[in-house]
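Peer 1: what would the 3D arrangement of this be:
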Amino acid sequence: MKSNEASYIKSYLKLSKLRVIELLLVTTVPSMVISIYGMPPISLVIYTLIGGTLLAISANVMNQVFEVETDRLMKRTADRPIVTGEVTKANGVLYSIFTGLVGFLILYFLATPLSSYIAIAANLFYVFIYTLILKPRTNQNIVIGGASGAAPVLIGWTATGTELETGPWVLFLLVFMWTPAHFWALSIENKSDYKNAQFPMLPIQESYKRTCIFIGIYSCSTVLISLVAAPILQLGIVYLFVSIFFGINLMYKAFNLYTGKIKPLNYFVFSNTYLAVIFISIVADVFWTLRNI
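Peer 2: Numbering: from 1, shown residues only. This next block holds a predicted model:
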């Protein structure tokens, strides 16, 4: 492969922001498993992940198209491909439309129509409601906008052909409540960037202590919902042990953040681990139960 071709591919991979899509992988598969209380066909899992990933890439790219001017003002985003000119805005739009369309079709024909509708709705919500309306106008942007990040739970659940009932909405609420605290911790670290771009993020408009109080409230709410999920989803001792142990640690991290004993990045990293472990424990609990039946 020629060096210019490799550079071209690298630019589009960077534009795709694949690391941000890790949340999709962590929450989608466990939601598929618990929806049928067993392992779905591997082919269905692959189709669902590919379709969901492509739609998430589409949203990420369009977000960068719309925010190219503000991205220039922030150190952490100043090297994004559209900002540097490695990828033109027009090509970015085409790439976003292409990945979104292919992702939608994969989910529609190879998973279920309902999962594709939820995925495209989350895509449009993130691009037009969060990016264009909420993010530049309110410090509660991520609270409302977090709905798009919680959508993979519903996508995974419905991809197996299972109807939406109380269970998936509890998992949706778990991710929905987890998102603001997770994002605000990172926002504290990037406070100067958001200030330069004039984004009204919570840490800019509120003091450090006040922001940490909000992080603590949402952390406690997340843990409470994780415990409520156990009886609703009929999860057992494996899930309960993990959710209690890691829940206590999440609240302790939030308290230490308030008292200044840890840095915001420390909470941010642990909250990533927390969500991953909670959803992995769902899978572990299901298979532990099935093994002992």
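Peer 1: what sits against V68?
Peer 2: V68 makes contact with R80, I82, V83, K89 under the criterion CB atoms under 8 Å, 6 or more residues apart in numbering. Where C-beta positions appear, they are placed from N, C-alpha and C, glycine not excepted.
Peer 1: show me where the stretch 1-150 of the chain has its helices.
Peer 2: Remark: helices assigned in the stretch 1-150 of the chain by DSSP state H, counting those that start in this stretch are 3-16, 22-36, 42-66, 68-71, 81-84, 89-110, 113-124, 141-159.
Peer 1: deepest in the core, which of the ones you listed is it.
Peer 2: helix 141-159 (a mean of 25; mean count of other CB atoms under 10 Å).
Peer 1: sorry, back to before: in TSV, list the contacts of V68 along with distance to S187.
Peer 2: Below are the contacts of V68 laid out as TSV (distance: CB to CB, whole Å):
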residue	distance to S187
R80	18
I82	22
V83	20
K89	26
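Peer 1: which single one of the residues you listed is nearest to E206?
Peer 2: Using CB to CB, R80 is the member of the contacts of V68 that sits closest to E206, with 27.6 Å.
Peer 1: thinking the closest one is in contact with V61, fair?
Peer 2: No: contact between R80 and V61 fails when scored by CB atoms under 8 Å: they sit 10.2 Å apart.
Peer 1: any common contacting residues for those two?
Peer 2: Shared contacts of R80 and V61, defined by CB under 8 Å, 6+ apart, comprise L15.
Peer 1: how far is the helix with the most length in the chain from where the chain is centred?
Peer 2: Using DSSP state H, we find that the single longest helix of the chain is helix 264-291. Here the centre of mass of C-alpha atoms in helix 264-291, compared against the chain's by CA atoms, centre = their mean, to the nearest Å, lies 14 Å away.
Peer 1: run the angle between that helix and helix 141-159 for me.
Peer 2: If you take axes from the mean of the first three to the mean of the last three CA atoms, to 10 degrees, helix 264-291 sits at 20 degrees to helix 141-159.
Peer 1: can I get the contacts of V68 in CSV with distance to S207 and pLDDT?
Peer 2: As requested, the contacts of V68 are exported to CSV (distance: CB to CB, whole Å; pLDDT from 0 to 100):
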residue, distance to S207, pLDDT
R80, 30, 94
I82, 34, 96
V83, 31, 95
K89, 38, 96
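Peer 1: which one of those residues is nearest to P152?
Peer 2: R80 (23.5 Å).
Peer 1: for the spatially most central residue of the chain, report the pLDDT, please.
Peer 2: Centre of the chain computed as the mean C-alpha position; nearest residue by CA atoms, centre = their mean is G149, 3.8 Å away. At G149, the model reports a pLDDT of 91.
Peer 1: ok, now K2?
Peer 2: What the model reports as pLDDT for K2 is 59.
Peer 1: and K17, by the same measure?
Peer 2: 86.
Peer 1: I'd like to know how far it sits from I106.
Peer 2: Counting by CB to CB, to the nearest Å, the gap from K17 to I106 is 20 Å.
Peer 1: next one: I204
Peer 2: When I204 is compared with I106 (using CB to CB), they lie 39 Å apart.
Peer 1: try F255
Peer 2: In this structure, F255 lies at 44 Å from I106, with CB to CB as the measure.
Peer 1: remind me which residues of the stretch 151-293 of the chain are low pLDDT?
Peer 2: Of all residues in the stretch 151-293 of the chain, those with pLDDT under 70 make up the ranges 293.
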